[in-house]
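Undergrad: build me a model:
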Amino acid sequence: MKITSIILTLGLALVHTTSTAQEQGQAIPQEVQTTAVSNEELKQFANVYVEVQNESQLMQNKAVKLIEKEGMEVERFNELANAQNNPNQSVEPKEGEVEKLKSISAEIQKVQLDFQEKVGEIIQREGLTMQRYQEVYQAIQQDQSLQQKLSTLIQS
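TA: So this is what the prediction gives:
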């Protein structure tokens, strides 16, 4: 699917931002102990998850429109962007594509920053701090019963 690759590209940028925050000591340490998660916190997390998924879809649509507005196909953009980030891939850009790629990438970066701000606002609105959200996320990753409860909350 065309958008899958763009999602991956956007997702990698978000992971990088999270990694940068961790390096600056803004996130929980790498050694994670099992964290108790209340039912209320799990509900808050589920609400954030659903809303972030919706915002993510909007962000992806904006990114696709930006790419198409510049007269480039999404598949070609992904091919060039992946080659730029992976030295093992060799893709020859056509005339004008490097400039378009730079322009599109700058605009997508703005969209990503807006998305990150919205995610932070959503987390706060649901009554969680970013740190607690990350702790709950880590706990869910480590506990299958929490994963099942979350899945049930999201589906209801």
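Undergrad: could you use CA atoms for every contact and neighbour count after this?
TA: Will do.
Undergrad: burial count for Ile123?
TA: 22 (other C-alpha atoms under 10 Å).
Undergrad: which residues are in contact with it?
TA: Listed by C-alpha atoms under 8 Å, 6 or more residues apart in numbering, the contact set of Ile123 reads 45, 48, 129-130, 133.
Undergrad: for those, which one is nearest Gln109?
TA: Nearest to Gln109 among the contacts of Ile123: Met130, at 21.2 Å, using C-alpha to C-alpha.
Undergrad: what pLDDT does the closest one get?
TA: Looking at Met130, its pLDDT reads 94.
Undergrad: can you count the residues close to it?
TA: 17.
Undergrad: ok, now how distant is it from Asn61?
TA: Distance from Met130 to Asn61, counting by C-alpha to C-alpha, to the nearest Å: 26 Å.
Undergrad: cool, Ile104 as well?
TA: Going from Ile104 to Asn61 by C-alpha to C-alpha gives 14 Å.
Undergrad: and the residue lying closest to Ala81 once chain neighbours are set aside, how many neighbours?
TA: The shortest distance from Ala81 to any non-neighbouring residue, by C-alpha to C-alpha, 6 or more residues apart in numbering, is to Leu101 (7.4 Å). Leu101 is flanked by 21 other residues according to other C-alpha under 10 Å.
Undergrad: what does Tyr137 give?
TA: 17.
Undergrad: let me know the secondary structure of it.
TA: helix (DSSP: H, G, I helix; E, B strand; the rest coil).
Undergrad: how far away is it from Arg125?
TA: Applying C-alpha to C-alpha to Tyr137 and Arg125 gives a distance of 17 Å.
Undergrad: sorry, back to before: buried among the contacts of Ile123? Need that as a selection in ChimeraX.
TA: Remark: buried members of these, expressed as a ChimeraX selection using 16 or more other C-alpha atoms under 10 Å:
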select :45,48,130,133
